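1. Give me coordinates for this.
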Amino acid sequence: MSNIGTLLRQLRKDKNLSYREASELSGLSHSYIRYIEIGKRPGTDTPISPTPDTLKALAKAYEHDYDDLLKAAGYLDDNKEEKSDNEKQKVNVAFHDFENLTEEEIEYLETQLEIYRRIKKRNNK
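-> Prediction:
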């Protein structure tokens, strides 16, 4: 079982949810949730990695921190250091058309950029 699969199974069990109940809460199929927990696709036994959107749906369904799921799935670094003022300024410049970004919105955009970088890096290997 994969790291993210183990965590998702534990979260589902902590909520005392069946696969079908988790499916109703997340909008994902119950079989897909099971495959994610196992960490392999049926029949082929190839690894399965949930997308950030899938993790977002499960985070909401399980009332769990989205960033924690992203870290467990390998989209974000566990040892992610605090963003420097310079990095935050870069994000602000990149989104200069949005004059009144809140700190929460900036952090969200930084997270999305980090996910993009991870996916790009993974695809370039």
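
2. what sits against the residue positioned nearest the centre of the chain?
-> For the chain, the residue nearest the mean C-alpha position is residue 70 (3.3 Å; Cα atoms, centre = their mean). With contact taken as Cβ atoms under 8 Å, 6 or more residues apart in numbering, residue 70 is in contact with 52, 55, 76, 111, 115. All C-beta spots, glycine's among them, are computed from the backbone N, C-alpha and C.

3. Which helix or strand contains the fourth one?
-> Yep, that's residue 111 we're talking about. helix 103-123 (DSSP states H and E).

4. And that helix, what's buried?
-> Residues 106, 109, 110, 111, 114, 115, 118 are the ones in helix 103-123 that count as buried (16 or more other Cβ atoms under 10 Å).

5. helices and strands around it, which ones?
-> For helix 103-123, the packing partners by 3 or more Cβ pairs under 8 Å, 6 or more residues apart in numbering; DSSP states H and E come out as helix 66-72, helix 85-94.

6. please redo it, this time with the cut-off set to 10 Å
-> helix 52-62, helix 66-72, helix 85-94 (3 or more Cβ pairs under 10 Å, 6 or more residues apart in numbering; DSSP states H and E).

7. for the record, mean pLDDT for the first one?
-> Averaged across helix 52-62, the pLDDT comes to 93.

8. Now do it against helix 103-123: the angle between them, please.
-> Put simply, helix 52-62 runs at 130 degrees to helix 103-123, going by axes from the mean of the first three to the mean of the last three Cα atoms, to 10 degrees.
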